[in-house]
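Q: 3D model of this:
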Amino acid sequence: MESERLNNSMKLHRGRAGLTQAQLADSVNVTRKTINSVENGVFVPSTVLALKISRALQTPFETLFSLPEG
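A: Next up is the predicted model:
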């Protein structure tokens with residue numbers, strides 16, 4: 001089975017919200033490294049973490065995350 005991938009636009013929306021990775025991490029109770037790993041597609045977040053990020057960025061989940069085509 002190939003590695004699961006998840007497209008995300010977190011960096012764009014985090015920037016629009018005026019938040020650093022550290023600030024977003026603090027607001028969802030994870031490390032800055034976790035936020036960086038999600039933004040760079042290295043780590044696929046749990047559903048709970050993805051929803052917390054969505055809430056913190058005040059952006060619909062479906063806008064932040066999507067499955068690759070194909």
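Q: any weak-confidence spans in the chain?
A: 1-3, 70 (pLDDT under 70).
Q: change it to 80
A: Applying pLDDT under 80 to the chain flags the ranges 1-4, 70.
Q: Tell me which stretches of it form strands.
A: Taking DSSP state E, the strands of the chain run over residues 7-8, 65-66.
Q: so which of the ones you listed is the most packed in?
A: strand 65-66 (a mean of 16; mean count of other Cβ atoms under 10 Å). In this view, the C-beta of every residue, glycine as well, is placed from N, C-alpha and C.
Q: who's in contact with that one?
A: For strand 65-66, contacts defined as Cβ atoms under 8 Å, 6 or more residues apart in numbering pick out 6-8, 50, 54.
Q: Please apply the same query to stretch 38-50.
A: In contact with stretch 38-50 (Cβ under 8 Å, 6+ apart) are residues 4-8, 10-11, 14, 21, 28, 30, 34, 37, 53, 61, 64-65.
Q: Buried residues in that stretch, which are they?
A: Neighbour-count burial for stretch 38-50 flags 38-39, 45, 49-50 (criterion: 16 or more other Cβ atoms under 10 Å).
Q: Run the chain-centre distance for it.
A: The chain centre lies 5 Å from the centre of stretch 38-50; the measure is Cα atoms, centre = their mean, to the nearest Å.
Q: next one: stretch 58-70
A: Stretch 58-70 sits 10 Å away from the centroid of its parent chain (Cα atoms, centre = their mean).
Q: For that stretch, buried residues please.
A: Residues of stretch 58-70 classed as buried by neighbour count (16+ other Cβ under 10 Å): 59, 64-65.
Q: One more: stretch 26-42?
A: Buried positions in stretch 26-42, judged by neighbour count with 16+ other Cβ under 10 Å: 27-28, 30, 34-36, 38-39.
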